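Peer 1: After the sequence you'll find the predicted model.
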Amino acid sequence: MLTLALNKGRVLAEAVPILERAGLVQPGQFKDTRALVFEPAEKSGLRVVVMRGADVPVYVEHGAADLGLVGKDTLFEHPTHEYFERLDLGIAKCRIMSAGLADAEFDISRPLRVATKFVRLSERFFAAQGQEVRFIKLSGALEVAPRLGLCDLIVDIVDTGETLRANGLVPLEMIAHVSSRVIVNRTALKVKQAEVLACLSRLQDSL
Ligand code: AMP
């Protein structure tokens, strides 16, 4: 049996039709339930555990889950050699962008203050521009930070841009494209190779 750690919320919602087409879960099993662990559907050999995105790479890194399904935004912040990224499902797409107040004026005599959840990714982006930055790590409600004077810019997930607009922010630079990826624990890929590859090909064939 394989265990899949599945990012709840938007990733789960968009992954369910693929998992169902692949015959890896029972139709409707995630609806109206607070259950977090789903034992394998008939012949699927796949146990599914639903969790917050940030925890998916942790379970897969430690081998507590053989496979993970999670947004690339989360993987940018959790680099490790303990899992491999094997499949892009092309779902739950969005962008990571910098954004700021429409009428902002920056004080160029001091480092740019950037608030974000994506510190690693942002560090790489601004370093490549030779821009000196002081990062402020936030975990939510980033959109209010520039208006309260906490930062000059934010780096955040943008889909339609509605959240930015509603908070008087404008998108500035494109930093990364995001979609949901399947990751595989390094040891599971060796020890359970046939099962893992069969599962990946069922997913691939169901896109
Ligand atoms: P929007 O207003 O359509 O630009 O959506 C932006 C907000 O929706 C962000 O602040 C995120 O919290 C959330 N969001 C949009 N797309 C995704 C995604 N694919 N994965 C995770 N969060 C998302």
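Peer 2: Right, received. Where do you want to start? Values in this document were obtained by computation on a predicted structure and should not be read as measured data. Residues are numbered from 1 along each chain as shown.
Peer 1: Can you give me the first-to-last residue distance of stretch 178-198?
Peer 2: When the termini of stretch 178-198 are compared using C-alpha to C-alpha, to the nearest Å, they are 25 Å apart.
Peer 1: Could you pull up the mean pLDDT of that stretch?
Peer 2: Mean pLDDT, computed over stretch 178-198, is 98.
Peer 1: quick one: buried residues of it?
Peer 2: Residues 178-185, 188-189, 192, 195-196 are the ones in stretch 178-198 that count as buried (16 or more other C-beta atoms under 10 Å). The way it works is simple: take the backbone N, C-alpha and C, and place the C-beta from them, glycine included.
Peer 1: same check, this time on stretch 161-180
Peer 2: So for stretch 161-180, counting by 16+ other C-beta under 10 Å, buried means Leu164, Asn167, Leu169, Ile175, Ala176, Val178, Ser179, Ser180.
Peer 1: wait, which of the residues you listed is closest to Leu24?
Peer 2: Set against Leu24, the nearest of the buried residues of stretch 161-180 by C-beta to C-beta is Ser180 (14.7 Å).
Peer 1: ok, residues contacting the biggest strand by length in the chain?
Peer 2: Determined from DSSP state E, the single longest strand within the chain is strand 169-178. When contacts are defined by C-beta atoms under 8 Å, 6 or more residues apart in numbering, strand 169-178 is touched by residues 71-73, 76, 92-102, 118, 121-122, 125, 143, 146, 153-155, 157-158, 161, 164.
Peer 1: and after that strand, which helix or strand comes next?
Peer 2: Downstream of strand 169-178, the next assigned helix or strand under DSSP states H and E is strand 180-185.
Peer 1: when you scan that next one, is anything in it near the ligand?
Peer 2: No - judged by C-beta under 6 Å from any ligand atom, strand 180-185 makes no contact with the ligand; its nearest approach is 7.8 Å.
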